[in-house]
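Undergrad: Build me a model:
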Amino acid sequence: MGAFLMELMHARTNAHVLHLRTKSFSHHMALGSFYEGIGERADSIAEAYQGRYGIIEYPALPYKPENDPIMMIRSLRRYVDENRMALCEHSEIQNLIDEAVELMDSTLYKLENLA
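TA: Okay, here's the model as predicted:
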């Protein structure tokens, strides 16, 4: 779970940087909503998980800057899809992960179709 949450936190940082660098107003707004929302969702997942299992250990994952917001979010969504079931079986935590995926999907829609 620690590695999973670190991926979400790194995505938040990447989205914030891309939000500040873009020249597209629609991308600026979509990435702003994403970086604010993914941080909140990561926090909710962490707190719920710790309430059930105890304090999470966080590995030192290297930060990898991203240049393409669409590819970044697609890659994150793929990572979540591939790893979520190994984290836990409890529906309340899976539902919180669903909320993070919904934010990814919604942001992709905005980035790809509202430019």
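
Undergrad: Now do the SS call for the residue with the largest distance to the centre of the chain.
TA: Each residue of the chain has a distance to the centre, and by CA atoms, centre = their mean the biggest one is for Lys23: 22.4 Å. Three-state call for Lys23 (DSSP: H, G, I helix; E, B strand; the rest coil): coil.

Undergrad: That one: what's it in contact with?
TA: Listed by CB atoms under 8 Å, 6 or more residues apart in numbering, the contact set of Lys23 is empty. C-betas here are computed from N, CA, C, even on glycine.

Undergrad: Asp43 - how many residues pack around it?
TA: By the criterion of other CB atoms under 10 Å, Asp43 has 14 neighbours.

Undergrad: In the host helix or strand of it, which residues are buried?
TA: Per DSSP states H and E, Asp43 falls inside helix 25-53. Buried residues in helix 25-53, counted by 16 or more other CB atoms under 10 Å: 27, 30-31, 33-35, 37-39, 41-42, 44-46, 48-49.

Undergrad: Next: stretch 69-89.
TA: By neighbour count on 16+ other CB under 10 Å, the buried set for stretch 69-89 is Pro69, Met72, Ile73, Leu76, Arg77, Val80, Arg84, Leu87, Cys88.
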